[in-house]
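Q: make a model of this:
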Amino acid sequence: MGTAGTRVDGRIARGEQTRRLVLGRAMEIASVEGLDALSMGRLASELKLSKSGVFALFGSKEDLQLATIRAAVAVFTTHVVGPAGELPAGIGRLKHLCDSWLAYSRERVFPGGCFFYSVSAEYDARAGKVHDALVTARSDWLAYLERTAREAREAGELTADADLPQLVFELAALLEMANAESVLHDDVTAYGKAARGILDRLLRVAVDPSRLSAP
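A: A predicted model of the protein is given here:
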C-alpha cells in the first residue's frame, strides 16, 4: 500500500514538473509570438517530450492557452503585486506598484515584455474563452490598482477630490506605453519617461508630496 502510494505520488510530482516546464516555455513563446503560436507538437519537440504526454496534460490547444494565461497571472502577481503588498496602504504602495510593473517589463520577465499587453492585442477583437480570460486578467489588475489608490485616499494620502478611475487610466497608459516603446525599439529610455510621468501625476493628487520619491 505504501509502495503503491509512493509510486502514485512520484507520478503526480513528475506530471506537475512537466506541466511547469511546458507552461514556462509556452509563456515565453506567447509573449513574443502570441497565443496562437502555441501548439502541443511544438512544445513537445522543443522540450523533448512526447506529444501524447503533453496532450494528456492539457487536452486541447484552447486548454493549453488558458493554462498559459493562468500561469502568466501567477508570474505577474509574484513580480508586480506581491512586492507592493508588503508595504502599508498609502501613496507609497501605489507608486511602488507602478515601479514594480516597470521593472517587470524592463527586466523582461517575459522575453516579449508584458505578457498581457502582447496577447491582449492578439485577442482583443475576438470572442471566446481565451478572450474572456484575458479580459478578466486585465480587469483584475486595473481593479487592484484602483483599490490601492482608494486605500491611499482612505489613509489620507490622496486628495479627497482625486478622480481615481481617471488616475488609474493614466497610470496604466504610461506603463503600457513604456512597454510598447521599449519592445518595439529595443530601448529602455521609455521606462524613465514613464516613471517621471507617473511621479508627476501622483504629485498632483498627493496630500504630502514628501511621501513620494523620485525613482
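Q: where exactly do the helices run in the protein?
A: 2-33, 40-47, 51-58, 61-76, 82-85, 91-106, 115-123, 129-154, 164-185, 189-203 (DSSP state H).
Q: how close does residue 26 sit to residue 35?
A: 9 Å (Cβ to Cβ, to the nearest Å). The C-beta positions use only the backbone N, C-alpha and C, and glycine is treated the same way.
Q: of the two, give the one with the bigger neighbour count.
A: A side-by-side neighbour count of residue 26 and residue 35, using other Cβ atoms under 10 Å, places residue 26 first with 27 against 24.
Q: the more buried one against residue 43, yeah?
A: Yes - contact criterion Cβ atoms under 8 Å: residue 26 and residue 43 qualify, at 6.2 Å.
Q: overlap of the contact sets of those two?
A: The contact sets of residue 26 and residue 43 overlap at residue 64 (Cβ atoms under 8 Å, 6 or more residues apart in numbering).
Q: still on that earlier bit, any shared contact partners between residue 26 and residue 35?
A: Common neighbours of residue 26 and residue 35, using Cβ under 8 Å, 6+ apart, are residue 68.
Q: what about residue 20, how many neighbours?
A: 11.
Q: so how far is residue 60 from it?
A: In terms of Cβ to Cβ, residue 20 sits 19 Å off from residue 60.
Q: rewinding a little: quickly compare the helices of the chain and say which is most buried.
A: Highest mean neighbour count among these (mean count of other Cβ atoms under 10 Å): helix 91-106, with a mean of 22.
Q: what residues does it touch?
A: 76, 79-81, 83-85, 87, 113-114, 145, 148-149, 151-152, 157-158, 171, 174-175, 178-179, 182, 188, 191, 194-195, 198-199, 202, 206, 211-212, 215.
Q: which sections of the protein are below the confidence cut-off?
A: Low-confidence segments of the chain (pLDDT under 70): 1-8, 213-215.
Q: residue nearest the centroid of it?
A: residue 76 (3.4 Å; Cα atoms, centre = their mean).
Q: quick one, what contacts residue 79?
A: Counted by Cβ under 8 Å, 6+ apart, residue 79 has contacts 100, 103-104, 109.
Q: quick one: which of those residues is nearest residue 50?
A: Closest approach between the contacts of residue 79 and residue 50, by Cβ to Cβ: residue 109, at 29.1 Å.
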